[in-house]
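A.B. asks: quick one: sequence and predicted model below, then my questions.
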Amino acid sequence: MSKKYIYNFNNIHEGQVFKNFTELVKAVTGEKLSTGAKNRQAVKNVLYKHIDYCTASEYNADITSSRALIVTKIYDTPRILEEHRGKHGIYADYLRPLLLTSCGPFFRGKMCTLVNRLGVLKEYTVPLFFTTHLQERGNETKFDWVEFNPWTAYENTSMGVQKYKSTLWYQIRNTVTGNLDSLQKDGILEWNYYYQFIPSILIDIDGTHQKRPKSLNELQVDKQKRDSFLEEVVHDTNSVLLPETLHQLNIYSDAWSHEVNYDAYRDRIYASDPNNPSEFPLRTTAEQEAAIENLNAFMRQYAYMKFYNLQALPSIEEEDVSSSYKFFNNPSLSMAYKKLVAETLPWLIECKVMWRELEYHVFKNSEPVNRYTNSQTFDKKQYQDVLSQTFIQYMDSHMDKIQFVPNDSSDLNGTHIGRLPNTMPLNRSNSACAFHDRLKGLYNI
């Protein structure tokens, strides 16, 4: 049985921001939110009757936390809780049954892994994996197709195809998270994002295939680079980087905010395979998640400055920097960012790589699930194909609206005289049109 709270909505106001859902609940109940999915959903049902709230970053680009919430409306008269039995949509009718049946009752992993398991554009992604990815990795059997990200942009990919892929991938991701939000509001599942990262503990031993822990001298060299870097950026008034961020994410630091410390992490590395040690991912704490978001915002500033050869960091309020979507929707900026992060993290925070994943679990209540799935008529392959066709048709209707930055005229169809404009519609790119036609052909559109 879920815990009973006494609610007082006079303690909050429209536009008020809370750092997470727990703080919002505490403001209206005066108590800490009890654990348990059923209890959490019961609280959400009460909140739904009295207020509207959403992710704060949707309203204020300066707020980078994915957990922060903003109250957008308070109702004088409680609303009736909707059943949502008649909800339909061009994506929802096919995506929600796949979300509820493709991964079992629980999923945890990267977004590309989830999308692959759902079977979105499978006719394209599976052959790409075998023809491209396995060629790069030889006969490495431990690698699985579901872990493969077919939307990664490479430097030799044309600007038209890069823009096409980034736009399509953004549409897929947003559609998935939007439907997860709706299923969560319906009380069918609970989901959230989280970060994973791999501390940089080991380095290669020259002339061998073995590895060893970093020496004190090597760590000192990293510290000197880090101190010099901080000295450079802290004097820039536009910098959003908080020095404590670097300490909270550095496993060698006294301020490292994780239950697994350096000694325990190193011991587990060697305990698993003493002859072939390898670092493994750690899931971040809430404190480290906030630190990563601060670091990510700063790295967008830093990459933007480097890419455009600026003398100082751009303001975080600049739209192309504050908006992750606009920043990463620029293929050149996105590529520069990824390269800079890969070069910087090993000495800046003693980290090899970090990434974001998501998780969701379906509640053990078959009745709501049956609203979206019918075992008598559900055809998984058909649902995958129709959903894939819907995404391709979205691109089909937007080829003349999506703008890309051509780097030369060789990829442009039709006649063009004079200097290239800053942007052009995607249907002017030969490579993007060819890629689009290829997807249409795979799904008989």
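C.D. replies: Arrived safely.

A.B. asks: which residues of the chain score low on pLDDT?
C.D. replies: 1-2, 36-38, 58-62, 79-88, 133-143, 365-371, 373-377, 415-418 (pLDDT under 70).

A.B. asks: tell me who's in contact with the most centrally placed residue in it.
C.D. replies: Central residue of the chain (C-alpha atoms, centre = their mean): residue 356, 5.0 Å from the mean position. The contact partners of residue 356, by C-beta atoms under 8 Å, 6 or more residues apart in numbering, come to 110, 111, 193, 194, 195, 196. Quick note: C-beta positions are derived from backbone N, CA and C, even for glycine.

A.B. asks: let's see 7 Å
C.D. replies: The contact partners of residue 356, by C-beta atoms under 7 Å, 6 or more residues apart in numbering, come to 193, 195.

A.B. asks: helix/strand/coil for residue 352?
C.D. replies: For residue 352, the assignment made with DSSP: H, G, I helix; E, B strand; the rest coil gives strand.

A.B. asks: keeping just the C-alphas, turn stretch 178-191 into PDB.
C.D. replies: The C-alpha trace of stretch 178-191 is given here as PDB (Å, rounded to 0.1, in the frame of the first residue of the first chain):
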ATOM      1  CA  GLY A 178       8.000  11.400 -25.500                       C
ATOM      2  CA  ASN A 179       6.200   8.100 -25.500                       C
ATOM      3  CA  LEU A 180       8.100   6.900 -22.400                       C
ATOM      4  CA  ASP A 181       6.800  10.100 -20.700                       C
ATOM      5  CA  SER A 182       3.200   9.400 -21.700                       C
ATOM      6  CA  LEU A 183       3.500   5.700 -20.600                       C
ATOM      7  CA  GLN A 184       4.900   7.000 -17.300                       C
ATOM      8  CA  LYS A 185       2.000   9.400 -16.800                       C
ATOM      9  CA  ASP A 186      -0.400   6.600 -17.500                       C
ATOM     10  CA  GLY A 187       1.200   4.600 -14.700                       C
ATOM     11  CA  ILE A 188       2.400   1.800 -17.000                       C
ATOM     12  CA  LEU A 189       6.200   2.300 -16.500                       C
ATOM     13  CA  GLU A 190       8.800   4.500 -14.900                       C
ATOM     14  CA  TRP A 191      11.900   5.700 -16.700                       C
END
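
A.B. asks: could you number the chain from 370 rather than 1 from now on?
C.D. replies: In the new numbering, first residue 370, that becomes stretch 547-560.

A.B. asks: what's in contact with the host helix or strand of residue 440?
C.D. replies: Secondary structure from DSSP states H and E places residue 440 in strand 438-443. Outside strand 438-443, the residues that touch it by C-beta under 7 Å, 6+ apart are 378, 381, 383-387, 390, 393, 419-425, 428.

A.B. asks: which of those residues count as buried?
C.D. replies: The neighbour count (16 or more other C-beta atoms under 10 Å) marks 378, 381, 385, 386, 387, 390, 393, 419, 420, 422, 425 as buried among the contacts of strand 438-443.

A.B. asks: if I look at the fifth one, how far off is residue 571?
C.D. replies: Here the distance between residue 387 and residue 571 works out to 40 Å (C-beta to C-beta, to the nearest Å).

A.B. asks: and for the last one?
C.D. replies: For residue 425, the distance to residue 571 (C-beta to C-beta) stands at 39 Å.

A.B. asks: also the second one?
C.D. replies: When C-beta to C-beta is the yardstick, residue 381 and residue 571 sit 49 Å from each other.

A.B. asks: need phi/psi at residue 729.
C.D. replies: phi -150, psi 150 (degrees, to the nearest 10).

A.B. asks: quick check: bridge partners of it?
C.D. replies: Beta-bridge partners for residue 729, by DSSP bridges, are residue 476, residue 560.

A.B. asks: that one and residue 476 touch, don't they?
C.D. replies: Yes - Residue 729 lies in contact with residue 476 (C-beta atoms under 7 Å); the separation is 5.6 Å.

A.B. asks: could you give the bridge partners of residue 440?
C.D. replies: The partner residues for residue 440, given DSSP bridges, come to residue 422.

A.B. asks: okay, now it: neighbour count?
C.D. replies: The tally of other residues near residue 440 (other C-beta atoms under 10 Å) stands at 22.

A.B. asks: with the one 4 residues further on instead?
C.D. replies: Neighbour count of residue 444, defined by other C-beta under 10 Å: 12.

A.B. asks: ok, now how distant is residue 798 from residue 682?
C.D. replies: 32 Å.

A.B. asks: neighbour-wise, which of the two wins?
C.D. replies: Remark: of residue 798 and residue 682, residue 798 carries more neighbours, 26 against 22, as counted by other C-beta under 10 Å.

A.B. asks: which residue packs closest to the more buried one, ignoring adjacent ones?
C.D. replies: Once flanking residues are discounted, residue 798 sits nearest to residue 529: 2.7 Å by C-beta to C-beta, 6 or more residues apart in numbering.

A.B. asks: which element, helix or strand, includes the one you found?
C.D. replies: Going by DSSP H and E, residue 529 is part of helix 528-554.
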